[in-house]
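>>> Build me a model:
(one chain, ligands or ions: 3)
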Amino acid sequence: MKIVQIAIDVPLNTHFDYAADDVNAEDIGRRALVSFGRRLVVGVIVGIVNQAADPAFKLKPVKEVLRDTPPLPQEILKLARFCSGYYHYPLGQVLAAILPQRLRRTQAINTLTESCYTATEVGLATALDTLPKRALIKRKLLVALQVQRTLARSAVMQLSPSAGSMMREFVACGWALESAMPLTATRNAAILPAQAAAHVLNTDQQAAVTTILGAPPGFASWLLHGVTGSGKTEVYLRAIAEVLVRNGQALVLVPEINLTPQLEARFKARFPDATIVSLHSNLGERERLKHWLMAQAGTAHMVLGTRLAVFVPLPRLQLSVVDEEHDGSFKQQDGMRYSARDVAVFRAREARVPIILGSATPALETYHNALSGRYKLLELKARAVRDAAPPAVHYIDLKREKLIEGFSAPLITAIKQRIKRGEQSLLFINRRGFAPVLLCSECGWLSGCPRCSSRLVVHLKEQRLRCHHCGHEERLPHHCPSCGNVDLAPVGQGTQRLEAALERLFPEARILRVDRDSTRRKNSLANMLEKVHAQEIDILVGTQMLAKGHDFTKLTLVGVLNADGGLYSADFRAAEHLFAQLLQVAGRAGRAADSGEVLVQTAFPDHALFAALQHGDYAQFARTALAEREQAGLPPFSFQAMLRAEAATLDSALKFLRTAAALAPPKAKNIQIYDPVPALMARLAGNERAQLMIESRSRGALQKFLGTWMTGLEAHKTRNVRWALDVDPLDT
Ligand code: ADP
Ligand code: ZN
Ligand code: ZN
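Numbers count the residues shown, from 1 in each chain. Ligands and ions are numbered 1, 2, ... in the order given. Prediction:
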């Protein structure tokens with residue numbers, strides 16, 4: 001008998017001992033079925049002790065070691081241990097968060113019989129026209145195949161019991177190919193990039209590529225700083241090409257909304273012979289498992305994914321890339337609150353491989369690391385496409401200009417001009433819906449969310465009030481619920497209202513609204529962007545969805561309607577986010593030969609942030625902001641952790657935090673414990689939330705403190721309060 005140490009998905013920072021005799025060291029990292037309490041659960045074997053168990057202490061047997069997939073490699077187990085230690089999150093829960101969902105189920109994976117089907121060119125192009133209209137299920141199956149490109153047999157069978165035989169017909173007539181899930185390791189030949197697609201690098205790009213490729217082998221962290229369109233992706237592609245030629249694997253992490261089919265297509269076009277798989281939370285369970293196993297088996301050369309992809313096993317990892325490294329979506333906001341960027345850097349160091357962090361507006365933490373020499377700074381100074389001059393930025397002083405339906409006279413004139421010249425305008429506002437709140441002019445009633453400390457947003461088209469935080473919805477009231485007055489006024493601007501105003505101001509113009517509401521249906525965003533490219537649109541109005549990555553060659557004007565909220569916010573990171581966002585939207589103007597203009601409506605045209613924006617000067621902004629942070633002792637000059645509590649009443653949340661503070665190790669050196677306070681948004685989805693901030697000038701001191709504190713806190717019984725520790729919190 002051996003003692004098998006198993007990490008289980010429960011909130012206890014320990015592993016559990018079971019007994020087995022048919023195990024050996026090679027099983028470490030494998031999943032195992034064990035009974036835990038009255039449940040049968042899947043755990044991960046993290047250790048095997050070769051000594052007889054204490055007979056006085058009777059261990060439960062391991063029910064089954066699952067050998068259907070290869071074990072998690074040492075590297076990933078080590079990464080999980082690091083996360084468990086750094087984020088103070090139980091190892092069993094870390095591993096549960098890392099593993100694809102399918103691997104957390106108690107059923108073994110029947111890898112050998114699972115086939116998958118891939119659409120062929122013919123299947124994509126002509127099949128649908130060939131099928132009779134009546135063949136409903138066949139048509140449905142074919143559309144699913146066309147949209148997803150690859151369907152696992154289990155997904156096929158879900159459509160209909162007869163779908164399996166229909167799929168065989170598709171295979172027989174050449175519309176689909178059948179293959180086994182490629183899970184076995186194969187040796188790959190070197191992959192060569194398609195030369196035709198590559199650009200001749202400009203001087204900055206060449207310097208960056210030469211520096212990265214010329215560096216001694218081993219870990220190095222590069223910050224590739226360059227505005228959108230400066231050719232960062234081209235630099236990644238060159239570095240990746242070098243890796244693939246040497247038969248290595250590359251990991252590319254991108255923000256959620258950037259993981260588009262276009263981006264995937266760009267990588268696939270450059271490396272037509274490489275197997276590139278994606279990993280993100282919208283993939284079906286089967287697909288995600290398949291991609292994970294392909295990466296682990298080494299059959300995938302490159303993984304392109306969102307934050308969760310940072311944990312994928314890659315036995316030949318030679319390079320990591322984090323694009324838009326400042327993006328908030330790299331931080332997981334519940335469960336294990338990790339930063340995929342930071343984990344990626346740690347992983348690269350452990351694996352002794354280089355990592356490239358790319359951004360037009362690096363997180364101040366990252367930039368600070370570059371200035372202090374921990375990271376190496378590479379700069380792309382200009383846009384890659386020739387003749388594209390940076391846009392001219394002007395400010396419209398809202399203290400002087402009267403607004404007509406949210407628009408100042410100079411902005412209206414500028415839009416008119418563009419319409420006359422056949423050019424496009426983009427109007428940016430960071431709020432969807434019609435208006436942010438409904439107001440009763442009689443008694444002052446405001447449409448508040450019953451479950452959150454936030455306002456219900458007016459969605460006029462749908463005649464609804466909606467909470468953008470918890471999803472609560474109700475009918476738009478016809479009279480004031482408080483006094484009965486029928487004169488209710490939507491206050492403020494949202495995308496829908498601007499769209500309506502633009503329709504009145506420019507009846508001849510073709511207007512398109514792009515926000516989360518208008519793009520809900522699958523492919524609608526792609527279709528909309530297509531229309532913009534085809535010049536079927538004169539005015540675009542939308543949220544930050546429009547800010548990223550799209551090159552509209554006829555777009556020469558960007559109007560920012562109201563950005564002042566971020567200037568004087570209680571959140572010390574608000575200005576950083578605002579600057580990033582504005583620089584990004586400003587970058588939409590004049591991506592082609594025509595140089596563009598950006599008009600920003602603001603009541604604070606003299607704000608330092610705007611001066612830096614005018615020159616497109618991130619470094620200027622960052623220097624000012626970092627000096628302020630240093631003076632205030634804020635990150636990156638200090639390190640923070642936030643203990644968050646959630647309860648039915650604010651009182652119990654605060655009371656828990658006070659108890660927690662009292663449990664803190666006494667006389668902790670260099671540690672500042674703040675008073676518990678209600679969260680910025682105290683009420684969310686019916687729960688009251690409070691938080692307790694811990695701060696230190698030393699990361700080491702903070703980590704040591706948290707370790708002792710959390711051990712004490714875990715032993716402390718709490719009822720009716722949910723709590724979590726957030727290390728390096730982004731929301732403070
Ligand atoms: P970023 O990732 O910084 O936004 P991209 O790599 O996507 O920049 O490049 C922006 C655009 O410029 C793309 O259309 C790309 O094809 C083009 N481009 C990149 N590098 C060059 C180059 N050296 N010469 C010409 N065009 C380039
Ligand atoms: Zn009223
Ligand atoms: Zn709400």
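>>> drop to CA atoms for contacts and neighbour counts, all remaining ones
Fine.
>>> Give me every residue in the chain lying close to ligand 3.
Cys449, Arg451, Cys452, Cys467, Cys470 (CA under 5 Å from the ion).
>>> Distance across stretch 103-118, terminal residue to terminal residue?
This stretch, stretch 103-118, spans 23 Å end to end (CA to CA, to the nearest Å).
>>> same question for it, mean pLDDT?
Averaged across stretch 103-118, the pLDDT comes to 74.
>>> Mind jotting down where the strands sit in the stretch 51-200 of the chain?
64-66, 115-119, 150-152, 176-180 (DSSP state E, counting those that start in this stretch).
>>> and what of the stretch 351-500 of the chain?
354-359, 376-380, 392-397, 403-404, 407-408, 424-428, 437-440, 457-459, 464-466, 473-475, 488-491.
>>> buried ones in stretch 135-144?
Lys138, Arg139, Leu141, Leu142, Val143, Ala144 (16 or more other CA atoms under 10 Å).
>>> Can you get me a residue count around the closest residue to the last one other than its chain neighbours?
Translated: Ala144. In space, Ala144 comes closest to Leu151 once its chain neighbours are excluded; the distance is 7.9 Å by CA to CA, 6 or more residues apart in numbering. By the measure other CA atoms under 10 Å, the count of residues near Leu151 is 23.
>>> so what's Thr545 up against?
You called it Thr, but residue 545 is Met. Shown in contact with Met545 (CA atoms under 8 Å, 6 or more residues apart in numbering): Val514, Asp515, Arg516.
>>> and the first one, what pLDDT?
Going back to what we said before, that points to Val514. The predicted local confidence for Val514 is 92.
>>> what does this structure have sitting close to ligand 2?
Cys440, Cys443, Cys480, Ser482, Cys483.
>>> Any of those residues buried? List them.
Cys440, Cys480.
>>> Run through the residues that contact the closest residue to Arg697 other than its chain neighbours.
Once flanking residues are discounted, Arg697 sits nearest to Ser638: 4.4 Å by CA to CA, 6+ apart. Contacts of Ser638 were listed using CA under 8 Å, 6+ apart, and they are Glu695, Ser696, Arg697, Ser698, Arg699.
>>> residues near the third one, how many?
In terms of burial, Arg697 registers 18 neighbours under the definition other CA under 10 Å.
>>> The one 4 residues further on now?
By other CA under 10 Å, the residues close to Ala701 number 17.
>>> so it sits right up against Asn670, yeah?
Yes - using CA atoms under 8 Å, Ala701 is in contact with Asn670, at 6.9 Å.
>>> just to revisit the earlier point, the contacts of Met545, buried ones only, as a PyMOL selection?
Filtering those down to the buried ones (16+ other CA under 10 Å) takes a single PyMOL command:
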select buried, resi 514+515
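>>> Going by distance to Pro90, which of the contacts of Met545 wins?
Arg516 (35.4 Å; CA to CA).
>>> So that closest one lies in a helix, does it not?
No - counting by DSSP: H, G, I helix; E, B strand; the rest coil, Arg516 is not part of a helix but coil.
>>> Would you list the phi and psi of it?
phi -60, psi -30 (degrees, to the nearest 10).
>>> ok, back up a step: between the contacts of Ser638, which sits nearest Glu630?
For the contacts of Ser638, the minimum distance to Glu630 (CA to CA) is 10.8 Å, reached by Arg697.
>>> Let me see the contact set for the closest one.
Arg697 neighbours (CA under 8 Å, 6+ apart): Gly633, Phe637, Ser638, Phe639, Asn670, Ile671.
>>> Give me the ChimeraX select line for the residues you listed, limited to the buried ones.
Per 16+ other CA under 10 Å, the buried members of these correspond to this ChimeraX selection:
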select :637,638,639,671
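>>> For the contacts of Arg697, please prepare JSON lines with the additional fields distance to Ala127, pLDDT and secondary structure.
Shown next, in JSON lines, are these (distance: CA to CA, whole Å; pLDDT from 0 to 100; DSSP: H, G, I helix; E, B strand; the rest coil):
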{"residue": "Gly633", "distance to Ala127": "64", "pLDDT": "94", "secondary structure": "coil"}
{"residue": "Phe637", "distance to Ala127": "61", "pLDDT": "97", "secondary structure": "coil"}
{"residue": "Ser638", "distance to Ala127": "60", "pLDDT": "97", "secondary structure": "coil"}
{"residue": "Phe639", "distance to Ala127": "58", "pLDDT": "97", "secondary structure": "strand"}
{"residue": "Asn670", "distance to Ala127": "69", "pLDDT": "90", "secondary structure": "coil"}
{"residue": "Ile671", "distance to Ala127": "67", "pLDDT": "95", "secondary structure": "strand"}
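>>> So which bits of stretch 7-18 are buried?
Ala7, Ile8, Asp9, Val10, Leu12, Asn13, His15, Phe16, Asp17, Tyr18.
>>> that older thread, tell me who's in contact with the residue nearest to Ala144.
Cys116, Tyr117, Thr118, Ala144, Leu145 are the contacts of Leu151 under CA under 8 Å, 6+ apart.
>>> redo that, cut-off 7 Å
Cys116, Tyr117, Thr118, Leu145 (CA atoms under 7 Å, 6 or more residues apart in numbering).
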